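[1] Got a sequence here, can you model it:
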Amino acid sequence: MAALQASSLLVSSSSSSSSGCSSKRTVTASIQFPKPSKLSLADDTSAAFTKKLVEELSTRDGYAFAEPIEMVVAQKDRVLEPRLSPASSIETITKLYAILEAVEDRVEMHDNIGKQRDNWNSLLLNSVNMMTLTSTTMAAMAAAAPASSSRACSALLFAAATGMSLVMSKIQPSQLAEEQRNASRLFKQLRSEIKSMLLLQSPTELDVQEMMEKVLALDRAYPLPLLGAMLEKFPAKFEPATWWPRASNNCRRSRGQKTIANTEQNGWSEGLEVEMRAIVQVLKSKDKQDYLRLGNLALKLNKMLAVSAPLLTGIAAASSAFGGTTAMTVAAITGAMAAIINSFEHGGQVGMVVDMYKNCAGFFELMEETIESTLDERDYSRRENGEMFEMKVAMKLGRSLSELRDLARKSMASCIEGTEVDEFGSKLF
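    Numbering: from 1, shown residues only. Model (predicted):
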């Protein structure tokens, strides 16, 4: 039990010390746990004074309470009643702040490494092209006026250009830089989510576990090291990127209970569920399929270019080594073609385009999975509020609510009539 009594001060009505009158005002406030006491207050000034005093004592060393005190003043009889507000434990908050610090560090790391790998692409491309064009010029000169020194230098430069071109084709610096940019963006998004959780919600251990899973899933999707952990740049099959923990759907659904509306169905209706299923159908049949098609084309083009450039410089190096007018002419021609292909592949950042299509397809797959997992939850109290969920889907697709509903109507009409929707779900990309 903690008790507090405060007596307020004598105020003299005149400067005389012997004959003046004095008025005395007494305010008494008591705090008892678990049963709080009540105290009538004389006026608004006393209520404010007592409230401020109790708040100061709740944070003073030696009088710290396990949970913050919320002061409630009744309007009718001006009764001051302290009440414990529901709050998360200190351990849970501390864990979330630790995760937030780790996320901040990862944002900085991915930003720095992304800039570094973007510089790799520019520097390596310029170096390979300079060596290729120099050796091509020397090969052309040797074809016109044979000289052993020109042939040797040309062959050496072509061999070095072949090795560097192989390295660039293997690691795809432009694709590496795009991976780091996407990782930085997604970690910043996760950082904002954690900050909002700390400010607006009461985090639980499930929230801590979910945030940790998201961080680890992003680490797996966008690894920092090159050796051993680098993503396959030329997979046999083009697939969407996956940067979210698929096993955490239950955790995501359980958080919907924090936004329960006053209605029994938590803002959901049968019409809204039909609308969301129609939106999923459009995303599957139009947006996701289109990016998978484009991604497959970009991947095949990148494979062809990655093989062609080193092959051409290798042919040029072998031709320069053999000598002869015809061989040097072949070396000059293949060297020029290799420089063109290198410029198109790495200057045009075809690898970056492949990774961009992977992330776009992954975005639509994540939206489909989120909507379907929400609709599969039959307990409305465990879902996110229906109106809020609809607004989030509309914003992610770059549409207003009316445009989203129009798209759903078109999707339902296409299913009935057996036709295809004439527009994509997303207006952003």
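[2] from the chain's centre, how far out does the particular helix or strand that has A317 in it sit?
    With elements taken from DSSP states H and E, the one containing A317 is helix 289-322. When distances are taken as CA atoms, centre = their mean, to the nearest Å, helix 289-322 is centred 32 Å away from the chain's centroid.
[3] Stretch 236-246 too?
    Counting by CA atoms, centre = their mean, stretch 236-246 is centred 15 Å from the centre of its parent chain.
[4] how about the CA coordinates for it, as CSV?
    These are the backbone C-alpha positions of stretch 236-246, laid out as CSV (Å, rounded to 0.1, in the frame of the first residue of the first chain):
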residue,chain,number,x,y,z
ALA,A,236,16.4,-23.1,-64.3
LYS,A,237,13.0,-21.7,-63.6
PHE,A,238,12.0,-18.0,-63.1
GLU,A,239,10.1,-17.7,-59.7
PRO,A,240,8.8,-14.7,-57.7
ALA,A,241,11.0,-13.4,-54.9
THR,A,242,9.9,-14.5,-51.4
TRP,A,243,10.9,-12.2,-48.5
TRP,A,244,8.2,-13.0,-45.9
PRO,A,245,7.9,-15.9,-43.5
ARG,A,246,5.2,-18.2,-44.8
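[5] mean confidence for that stretch?
    Mean pLDDT, taken over the full extent of stretch 236-246, equals 90.
[6] and if you look at stretch 101-110?
    95.
[7] What residues sit buried inside it?
    Within stretch 101-110, the residues that count as buried by 16 or more other CB atoms under 10 Å are V103, R106, V107, H110. Placement of C-beta: from N, CA and C, glycine included.
[8] Assign the last one to helix, strand or coil.
    For H110, the reduced secondary structure class is helix; criterion used: DSSP: H, G, I helix; E, B strand; the rest coil.
[9] In this model L176 seems to touch it, though I could be wrong.
    No - counting by CB atoms under 8 Å, H110 does not reach L176; the two are 11.1 Å apart.
[10] one step back: out of the buried residues of stretch 101-110, flag the one nearest to Q209.
    Proximity to Q209 was ranked across these by CB to CB; first place goes to V103, at 15.2 Å.
[11] Can you tell me the element the closest one falls in?
    Mapping V103 onto the secondary structure by DSSP H and E places it in helix 90-144.
[12] Just checking, which helix or strand succeeds that helix along the chain?
    Towards the C-terminus, the helix or strand next in line after helix 90-144, according to DSSP H and E, is helix 148-171.
[13] quick one: stretch 217-226 to chain centroid distance?
    Taking mean C-alpha positions (CA atoms, centre = their mean), stretch 217-226 and its chain are 13 Å apart.
[14] My reading is that F238 lies in a helix. Confirm?
    No - counting by three-state DSSP, F238 falls outside a helix, being coil.
[15] Next, the angle helix 289-322 makes with the helix holding V103.
    Here helix 90-144 points in a direction 40 degrees away from that of helix 289-322 (axes from the mean of the first three to the mean of the last three CA atoms, to 10 degrees).
[16] so what does helix 90-144 touch, helix or strand wise?
    Judged by 3 or more CB pairs under 8 Å, 6 or more residues apart in numbering; DSSP states H and E, the packing partners of helix 90-144 are helix 148-171, helix 173-200, helix 205-221, helix 289-322, helix 325-342.
[17] again, only this time at 7 Å
    helix 148-171, helix 173-200, helix 205-221, helix 325-342 (3 or more CB pairs under 7 Å, 6 or more residues apart in numbering; DSSP states H and E).
[18] tell me the angle it makes with helix 173-200.
    Put simply, helix 90-144 runs at 170 degrees to helix 173-200, going by the same axes, to 10 degrees.
[19] Run a quick neighbour tally on the closest residue to L218 other than its chain neighbours.
    Of all residues not flanking L218 in the chain, W243 sits nearest, at 5.4 Å (CB to CB, 6 or more residues apart in numbering). The number of residues packed near W243 is 21, by other CB atoms under 10 Å.
[20] contacting residues around W243?
    Taking CB atoms under 7 Å, 6 or more residues apart in numbering as the definition of contact, the neighbours of W243 are L186, A217, L218, A221, Y222, G362.
[21] in a strand, that's where it is, yeah?
    No - assignment of W243 by three-state DSSP gives coil, placing it outside any strand.
[22] Find the residue ranges of the stretch 251-400 of the chain scoring beneath the pLDDT cut-off.
    Flagging of the stretch 251-400 of the chain using pLDDT under 70 yields the residue ranges 251-264.
[23] Centroid-nearest residue for the chain?
    Among the residues of the chain, the one closest to the centroid is L186, at 1.7 Å (CA atoms, centre = their mean).
[24] And that residue, how far from V107?
    Note on L186: its distance to V107, by CB to CB, to the nearest Å, is 10 Å.
[25] Over to F363?
    Computed with CB to CB, the distance linking F363 and V107 is 19 Å.
[26] One more: Q281?
    Distance, Q281 to V107, by CB to CB: 36 Å.
[27] same question, R151
    52 Å.
[28] Make a markdown table from the helices and strands packed on helix 90-144 and add distance to M356 to it.
    Supplementary listing: the helices and strands packed on helix 90-144 in a markdown table, determined by distance: least, CB to CB, whole Å:
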| stretch | distance to M356 |
| --- | --- |
| helix 148-171 | 17 |
| helix 173-200 | 6 |
| helix 205-221 | 15 |
| helix 325-342 | 21 |
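[29] mind checking which of those is nearest T374?
    Shortest separation from T374 across the helices and strands packed on helix 90-144 is recorded for helix 205-221, at 15.2 Å, computed as CB to CB.
[30] buried sites along the closest one?
    In terms of neighbour count (16+ other CB under 10 Å), helix 205-221 has its buried residues at D207, V208, E210, M211, M212, E213, K214, V215, A217, L218, D219, A221.
[31] Equivalent analysis for stretch 360-370, please.
    Under the neighbour-count criterion of 16+ other CB under 10 Å, stretch 360-370 has C360, A361, G362, F363, F364, E365, L366, M367, E368, E369, T370 buried.
[32] tell me which of the residues you listed is nearest to K286?
    Distances from K286 to the buried residues of stretch 360-370, taken as CB to CB, are shortest for F364 (9.2 Å).
[33] Mind listing residues that contact stretch 297-306?
    Residues external to stretch 297-306 that are found in contact with it (CB under 7 Å, 6+ apart): S169, F234, F238, I341, F344, E345, V350, G351, V353, V354, Y357.
[34] Number of residues surrounding P310?
    Counted by other CB under 10 Å, the residues lying close to P310 total 23.
[35] Could you chop the protein up by domain?
    1-6+28-87, 91-229+247-417 (automatic domain parsing).
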